[in-house]
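A.B. asks: Fold the stuff below for me.
(chains A and B)
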2 protein chains.
Amino acid sequence: MKKILVIFSGGLDSTTLLYKLMSDGHLVAAISFDYGQRHNKELEYAGRTCAQLDVEHTVVNLPGVFSGSALTGDVDVPLRDYSVETMKKTVVPNRNMTMISVAISYAISKNYDAVAYGAHAGDHEVYPDCRPAFFEAIRRVAGLCDWTPVEVLAPFIDMSKRDIAQLSRALGVDPDSTWSCYQGGEEPCGQCGACRSRQEALK
Amino acid sequence: MKKILVIFSGGLDSTTLLYKLMSDGHLVAAISFDYGQRHNKELEYAGRTCAQLDVEHTVVNLPGVFSGSALTGDVDVPLRDYSVETMKKTVVPNRNMTMISVAISYAISKNYDAVAYGAHAGDHEVYPDCRPAFFEAIRRVAGLCDWTPVEVLAPFIDMSKRDIAQLSRALGVDPDSTWSCYQGGEEPCGQCGACRSRQEALK
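C.D. replies: Sure, this is the predicted structure:
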């Protein structure tokens, strides 16, 4: 049993991660980030899931830290074009390293053993900070950045989104309790990359 | 000539770093952090130095990100005891990784080539995130975290505080334009670790 702080967006992947780590018997808490994302609606979903699971939930504000991405409103969210080059417009510069760093700070202060995030194999081509090489490098940093090392976990790093969707069913995650759409409108748009990969995985 | 973003506290080390990189012919900008430090007075010094040197200066707010350190007010700043074990109370959990991560995000968005910070050899024993092993590990992450890699520089990593003080004189840095004291009172307290190491170096 470890004390694990989960980087939790409220989407399908990190919700499944939360369920999985709890089901594996770990003590989990969740940390979410409000960084001015278009779809900060995801934070409401994150909060409801944590309340339902009785998981301690912290939301950290990172105002003005990220820019230059479709997800922070600097360019339009690409729709109906799911090519790697187009999807790269949705990369938020250095988001994972920053979130993991803040989560490690928090983990050290609160005596958590590890920080977990939901990177998976379907992200490797588009998101540089979801690749195994990045994960290995950040694990090494996390072992050196404090006198008390913190572990970084990414249990889904070799799994496909479809694998995660299957696992979510097995664990009893209600997909409607999670939010993926990059546009953050009233209803999921069904046309952005996040809607598309979610639909395909849940099929 | 590189475009370099300097992590700039307004203290003697990072002020000397700013002067040095400018004197080496680089285009520099500065990024400072308000993380609730007792001595956020240092930010006024940072701002004045940047205005004087005509250097672009960004202050990023990281409210509530760090806790558990004498510098964030959770315990008293140790005075008159400069042992390694006592000085470790002034470690801010994972401060450098977080600052470097945010600086990299900013550097990517604004097309900077590198991020520099003022870690030096005098810090290695007390501050884990100033050690050469951490520096090497974070350099590696910085090369993997985005499709456009950002370099991390720490030109003082093998220099002593005294070397930096000598360099600061050669570069024309006015020590009174910098702020080091951890207590952040009206005048430097002269008794904290930062005051002590500064006095010894400038002697």
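A.B. asks: Check the burial of A:Ile164 by counting its neighbours.
C.D. replies: A:Ile164 is flanked by 27 other residues according to other C-beta atoms under 10 Å in any protein chain shown. (Each C-beta comes from the backbone N, C-alpha and C, glycine too.)
A.B. asks: Please work out which residues outside the helix or strand containing it touch it.
C.D. replies: Counting by DSSP states H and E, the element that carries A:Ile164 is helix A:161-171. Helix A:161-171 is touched from outside by A:12-13, A:15-16, A:19-20, A:23, A:118, A:120, A:122, A:156, A:159, A:175, A:197-198, A:200-202, with contacts defined as C-beta atoms under 8 Å, 6 or more residues apart in numbering or on different chains.
A.B. asks: now with 6 Å?
C.D. replies: A:Asp13, A:Thr16, A:Tyr19, A:Ser23, A:His120, A:Gly122, A:Phe156, A:Ser197, A:Ala201, A:Leu202 (C-beta atoms under 6 Å, 6 or more residues apart in numbering or on different chains).
A.B. asks: tell me which parts of chain A are close to chain B?
C.D. replies: Taking C-beta under 6 Å from any C-beta of the partner chain as the criterion, chain A approaches chain B at residues A:65-68, A:93-94, A:97-98, A:101-102, A:104-105, A:108-109, A:128-129, A:133-134, A:137-138, A:140-141, A:144-147.
A.B. asks: quick one, the lengthiest helix in chain A and helix B:95-109 angle?
C.D. replies: The single longest helix within chain A, with elements called by DSSP state H, is helix A:95-109. Helix A:95-109 runs at 170 degrees relative to helix B:95-109, counting by axes from the mean of the first three to the mean of the last three C-alpha atoms, to 10 degrees.
A.B. asks: quick one on the thing from earlier: okay, among the contacts of helix A:161-171, which ones form the most distant pair?
C.D. replies: A:Ser23 and A:Ser197 (23.7 Å; C-beta to C-beta).
A.B. asks: tell me the contacts of A:Val65?
C.D. replies: By C-beta under 6 Å, 6+ apart, the contact set of A:Val65 is A:Tyr35, B:Val102, B:Ser105.
A.B. asks: Chain A: strands as residue ranges?
C.D. replies: With DSSP state E as the criterion, chain A has strands at A:3-7, A:27-34, A:57-61, A:114-116, A:151-153.
A.B. asks: Could you dump the contacts of A:Val65 into JSON lines and include neighbour count, pLDDT and distance to B:Val84?
C.D. replies: Output for the contacts of A:Val65, formatted as JSON lines (neighbours: other C-beta atoms under 10 Å in any protein chain shown; pLDDT from 0 to 100; distance: C-beta to C-beta, whole Å):
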{"residue": "A:Tyr35", "neighbour count": "22", "pLDDT": "91", "distance to B:Val84": "37"}
{"residue": "B:Val102", "neighbour count": "27", "pLDDT": "95", "distance to B:Val84": "28"}
{"residue": "B:Ser105", "neighbour count": "27", "pLDDT": "94", "distance to B:Val84": "33"}
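A.B. asks: Adding distance to A:Val60, write those residues out as TSV.
C.D. replies: Supplementary listing: these in TSV, determined by distance: C-beta to C-beta, whole Å:
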residue	distance to A:Val60
A:Tyr35	9
B:Val102	12
B:Ser105	14
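A.B. asks: Tell me the one of those nearest B:Gln191?
C.D. replies: Using C-beta to C-beta, the contacts of A:Val65 come closest to B:Gln191 at B:Val102, 31.6 Å.
A.B. asks: how close does the closest one get to chain A?
C.D. replies: In this view, B:Val102 and chain A are 5 Å apart by C-beta to the nearest C-beta, to the nearest Å.
A.B. asks: which ones are touching that residue?
C.D. replies: B:Val102 touches A:Val65, A:Thr98, B:Val60, counting by C-beta under 6 Å, 6+ apart.
A.B. asks: A:Asp34 versus the last one, what's the distance?
C.D. replies: Between B:Val60 and A:Asp34 the computed distance is 15 Å (C-beta to C-beta, to the nearest Å).
A.B. asks: neighbour count winner among those two?
C.D. replies: B:Val60 (18 against 13).
A.B. asks: from what I can see the more buried one touches B:Phe33, true?
C.D. replies: Yes. Using C-beta atoms under 6 Å, B:Val60 is in contact with B:Phe33, at 5.4 Å.
A.B. asks: Helices of chain A, residue ranges please.
C.D. replies: A:12-23, A:42-53, A:84-87, A:95-109, A:132-142, A:161-171, A:193-202.
A.B. asks: quick check: angle from the longest helix of chain A to strand A:57-61?
C.D. replies: Using the same axes, to 10 degrees: helix A:95-109 against strand A:57-61 is 120 degrees.
A.B. asks: Helix A:95-109 vs helix A:132-142, what angle?
C.D. replies: Going by the same axes, to 10 degrees, helix A:95-109 makes 30 degrees with helix A:132-142.
A.B. asks: how about low-confidence regions in chain A?
C.D. replies: Within chain A, no stretch falls below the threshold (pLDDT under 70).
A.B. asks: how about it, which residue sits the furthest from its center?
C.D. replies: In chain A, the greatest distance from the average C-alpha position (C-alpha atoms, centre = their mean) is reached by A:Trp147, at 26.7 Å.
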